[in-house]
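K.L.:
dropping a prediction and its sequence here:
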Amino acid sequence: MTILEKWVEQQAELTKPDKIHWCDGSEEEMRHLIEIGQKKEKINGGPVFFELNHKLWPNCYLHRSHPSDVARTEHLTYVCSPEKEDAGPNNNWMDPDQAKEKLRKLFNGCMKGRTMYVLPFIMGHPDSPYAKACVELTDITYVAVSMGIMTRMGKKALEKIGNSSDFGKGLHSIGDLDPNNRFIMHFPQENLIWSIGSGYGGNALLGKKCFSLRIASYLGLQQGWLAEHMLIIGIETPQGKIHYILAALPSACGKTNLAMLKSTLPGYKVWTLGDDISWINIGKDGRLYAINPEFGFFGVAPGTSMKTNPIMIETLKAGTYYPTLFTNVALNKDTNEPWWEGINEDIPKNLIDWQGRKFVPEQGNAAAHPNSRFTVSIKQCPVLSSEFDNPAGVPISAIIFGGRRTQTVPLISESFDWINGGFSGARMGSETTAAATSKVGVLRRDPMAMLPFCGYNMADYFKHWIEFGKRINNPPKIFSVNWFRKDNGDFLWPGFGENIRVLKWIIDRIENNIGAKETPIGFVPHIKDIDTTGLDIPAENLEKLFEVKKDEWIEEINDIEKFFAQFGKRMPQEIWNELEKLKKSI
Ligand code: GTP
Ligand code: SPV
Ligand code: MN
């Protein structure tokens, strides 16, 4: 018996499933699991999957989760390192033994009457030196199928693991879906995750945020690399040169959209490599190389349309042998098509809301849940980069940080150097979204878009970032963006495909084609250098987009200082120095 088999057996002794099914990630298996979810398994008293109109939406299925289980639950997510200080003020913490004792009671017998699915998968290309093998155990087809879409699942993972103990372990059960019995616990020192009581993406698809960010960020700290909440794109210029760029934006702040941006500038084209997570290593040549460890998109449905993100609509309708899942969207009863706010202008006559009830617009609720999502294979993306499967990853020319800021933060700025760029990431703020269950629209600091995802003390993370930079030859330039600045309640910038104009400025800066204006927070564009051909935007709005207002920044600096102070002595001096410099120049 291998170490893996032994581990699976022990977990089965605890959770007591009726059956154990080892998944191979094949086409037949996916079809079979969908069928079980349609006909046998139940959730909320209904089926796990509903078939959608396959003529218009090939291979697409609808899933409705428990109404209390629709987003990540940060207050129920823990990092259980032996020492509390190692989890840091950025994480909830519980002593590992205590956490296990608490959860063992909940896991005891929780799979009675159910099947345990054993999901062996690799995050990253099997031939990549940066890839990691993992196994998740779950008791619901929704998670098994979602992981089949989102990861490279099957035989290769088992081969990679062999008889070693070097693999990520995740134990998941939907439990009784009672929020009081819901916990997502990470044990970074043991490469282990225990999650119970939720079927929602970030809580239950353990290869994603739990492993590829919280656990992987800790592995990166140990092993000298970075696991980041970043998309990866290649931007092709009219001259045919491709620059690879990473961008960190907090949850529901535009990564998926930027990852498949359809350029409105002639000659420019964006190639997709990833929309959510990057693992970044230093290559033999001393440059940064990034891989996307995932194999699919788990994206926000509302707002996705032929106007905003046509390439995603195409991706969703591409229908290969991988199924495509829609979670908590609305349903057009007449056509059996999925529907969400923003997909088109007309509200269908016979619309069923995300909870399966007749939709009554006058009640003022959304028909699709604001955090309703799709799960779709990256292989269906028509602009998937030919480098996606390159085991070495792609060389990185620039890193972008961004947030959702109604005020204060300019459309684009460029940091002075790597440490100043690290500081610009560390001081990031963003207004909260429906991706997590808490109040929406509240400004919070979200360093590098990693606040909910860093598996250890963020002060150590900042230090790691700075040290990492010292090992890179010619560190990439670092930029900050904000698509969401408003004036009188309206967005100042059209966003989406028009963001290519900002990316063009970034490339012009990388290629040393243009100058820029120095401000205390970094370089901002001379307005003449932003290509606005064909764009109907008043000149005064452009001025407003790049404004750095003293009174707003004084308030901002106070908030940043308070945030940093929580980390006490562990906060690296270099970051304090950057804050001092900013203070003085403001
Ligand atoms: P996660 O999957 O939670 O990590 O989200 P994400 O960062 O991938 O965000 P996504 O691209 O799904 O966008 C979230 C929401 O922001 C959607 O409703 C989009 O329509 C909206 N959005 C994305 N890009 C832009 C933009 O450039 N301008 C404006 N105004 N809205 C945008
Ligand atoms: C996010 O919330 O940042 C997501 C969705 O990408 S989840 O996988 O649920 O974390
Ligand atoms: Mn995300």
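P.N.:
Thanks, I have it. Ligands and ions are numbered 1, 2, ... in the order given.
K.L.:
is stretch 255-270 positioned near ligand 1?
P.N.:
Yes. Stretch 255-270 reaches ligand 1 (CB under 6 Å from any ligand atom) through 255-257. C-beta coordinates here come from the backbone N, C-alpha and C atoms, glycine included.
K.L.:
quick one: mean pLDDT over that stretch.
P.N.:
Stretch 255-270 carries an average pLDDT of 98.
K.L.:
follow-up on the earlier one: filter the residues of stretch 255-270 next to ligand 1 down to the ones in helices?
P.N.:
Taking DSSP state H, the ones among the residues of stretch 255-270 next to ligand 1 that sit in helices are 255-257.
K.L.:
residues of the stretch 301-450 of the chain that sit close to ligand 1?
P.N.:
302-303, 308, 435.
K.L.:
Arg214: which of those is nearest?
P.N.:
Ala435 (15.7 Å; CB to CB).
K.L.:
for that closest one, which residues are in contact?
P.N.:
By CB atoms under 8 Å, 6 or more residues apart in numbering, the contact list for Ala435 reads 71-72, 202, 251-252, 300, 371.
K.L.:
next: Gly393.
P.N.:
Counting by CB under 8 Å, 6+ apart, Gly393 makes contact with 128, 130, 279, 281, 283, 289-291.
K.L.:
could you give me the PyMOL syntax to select whichever of the residues you listed are buried?
P.N.:
With 16 or more other CB atoms under 10 Å as the criterion, this PyMOL line picks the buried residues out of the contacts of Gly393:
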select buried, resi 128+130+279+281+289+290+291
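K.L.:
next, find the distance separating Tyr461 from ligand 1.
P.N.:
19 Å (CB to the nearest ligand atom, to the nearest Å).
K.L.:
for that residue, give me phi and psi.
P.N.:
phi -60, psi -40 (degrees, to the nearest 10).
K.L.:
restricted to helices, list the contacts of Ala435.
P.N.:
Reading helices off the contacts of Ala435 with DSSP H, I get Gly202.
K.L.:
out of the residues of the stretch 301-450 of the chain next to ligand 1, who's nearest ligand 1?
P.N.:
Gly303 (2.6 Å; CB to the nearest ligand atom).
K.L.:
neighbours of the residue in the chain that ligand 2 sits nearest to, how many?
P.N.:
At 2.5 Å from ligand 2, Gly202 is the closest residue in the chain, using CB to the nearest ligand atom. Neighbourhood size, Gly202 [other CB atoms under 10 Å]: 26.
K.L.:
the residue lying closest to it once chain neighbours are set aside bridge partners, please.
P.N.:
Distance criterion CB to CB, 6 or more residues apart in numbering; nearest residue to Gly202, sequence neighbours excluded, is Arg72 at 4.0 Å. Beta-bridge pairing for Arg72 (DSSP bridges): Ala436.
K.L.:
contacting residues for Arg72?
P.N.:
200-203, 209, 251, 435-437, 452.
K.L.:
any chance of JSON lines for those, columns pLDDT?
P.N.:
Listed next are the contacts of Arg72 as JSON lines, based on pLDDT from 0 to 100:
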{"residue": "Tyr200", "pLDDT": "97"}
{"residue": "Gly201", "pLDDT": "97"}
{"residue": "Gly202", "pLDDT": "97"}
{"residue": "Asn203", "pLDDT": "98"}
{"residue": "Lys209", "pLDDT": "98"}
{"residue": "Ser251", "pLDDT": "97"}
{"residue": "Ala435", "pLDDT": "95"}
{"residue": "Ala436", "pLDDT": "95"}
{"residue": "Thr437", "pLDDT": "94"}
{"residue": "Pro452", "pLDDT": "98"}
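K.L.:
ok now do Leu158, which residues does it touch?
P.N.:
Contacts of Leu158 by CB under 8 Å, 6+ apart are 4, 120.
K.L.:
just to be sure, it is in a helix?
P.N.:
Yes. Assigned with DSSP: H, G, I helix; E, B strand; the rest coil, Leu158 falls within a helix.
K.L.:
how close does it sit to Thr2?
P.N.:
9 Å (CB to CB, to the nearest Å).
K.L.:
so Thr15 makes contact with Met116?
P.N.:
Yes. Under the criterion of CB atoms under 8 Å, Thr15 makes contact with Met116 at 6.6 Å.
K.L.:
need the overlap of contacts for those two.
P.N.:
Common neighbours of Thr15 and Met116 (CB under 8 Å, 6+ apart) are 137, 139.
K.L.:
what sits up against stretch 206-213?
P.N.:
Everything outside stretch 206-213 that qualifies as a contact, by CB under 8 Å, 6+ apart, is 72, 121, 123, 132, 134, 136, 147, 150-151, 168, 170, 172, 184, 186, 193, 195, 201-202, 227-229, 276-277, 279, 293-294, 298, 450, 452-455.
K.L.:
and it, does that touch ligand 1?
P.N.:
No. Stretch 206-213 lies apart from ligand 1 when judged by CB under 6 Å from any ligand atom; the minimum separation is 9.1 Å.
K.L.:
out of the contacts of Gly393, which sit inside strands?
P.N.:
279, 281, 289-291 (DSSP state E).
K.L.:
of the residues of the stretch 301-450 of the chain next to ligand 1, list those near ligand 2.
P.N.:
Ala435.
K.L.:
state the pair within the residues of the stretch 301-450 of the chain next to ligand 1 that is farthest apart.
P.N.:
Thr308 and Ala435 (17.4 Å).
K.L.:
packing partners for the strand or helix carrying Asn558?
P.N.:
Using DSSP states H and E, the element containing Asn558 is helix 550-565. Secondary-structure packing of helix 550-565 (3 or more CB pairs under 8 Å, 6 or more residues apart in numbering; DSSP states H and E): strand 429-431, strand 443-445, helix 573-585.
K.L.:
can you redo the ones you listed as JSON lines with mean pLDDT, distance to ligand 2 and mean neighbour count?
P.N.:
Listed next are these as JSON lines, based on pLDDT from 0 to 100; distance: least, CB to the nearest ligand atom, whole Å; neighbours: other CB atoms under 10 Å:
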{"stretch": "strand 429-431", "mean pLDDT": "97", "distance to ligand 2": "11", "mean neighbour count": "21"}
{"stretch": "strand 443-445", "mean pLDDT": "97", "distance to ligand 2": "14", "mean neighbour count": "17"}
{"stretch": "helix 573-585", "mean pLDDT": "98", "distance to ligand 2": "24", "mean neighbour count": "15"}
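K.L.:
can you lay out these as TSV showing distance to Pro382?
P.N.:
TSV is the format used below for those (distance: least, CB to CB, whole Å):
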stretch	distance to Pro382
strand 429-431	30
strand 443-445	36
helix 573-585	42
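K.L.:
quick one: the residue nearest the centre of the chain from Ala248, how far?
P.N.:
For the chain, Asp276 is the residue whose C-alpha lies nearest the centre (CA atoms, centre = their mean; 3.6 Å). Look at Asp276 and Ala248: by CB to CB, they are 10 Å apart.
K.L.:
where do the contact lists of those two overlap?
P.N.:
229-230.
K.L.:
what's the neighbour count on Gly197?
P.N.:
Neighbour count of Gly197, defined by other CB under 10 Å: 27.
K.L.:
wait, it touches Arg182, no?
P.N.:
Yes. Between Gly197 and Arg182 there is a contact at 3.1 Å, judged by CB under 8 Å.
K.L.:
anything in contact with each of those two?
P.N.:
With CB under 8 Å, 6+ apart, Gly197 and Arg182 have common neighbours 69, 76, 175.
K.L.:
so which of these sit within strands?
P.N.:
Per DSSP E, the subset of the shared contacts of Gly197 and Arg182 in strands is empty.
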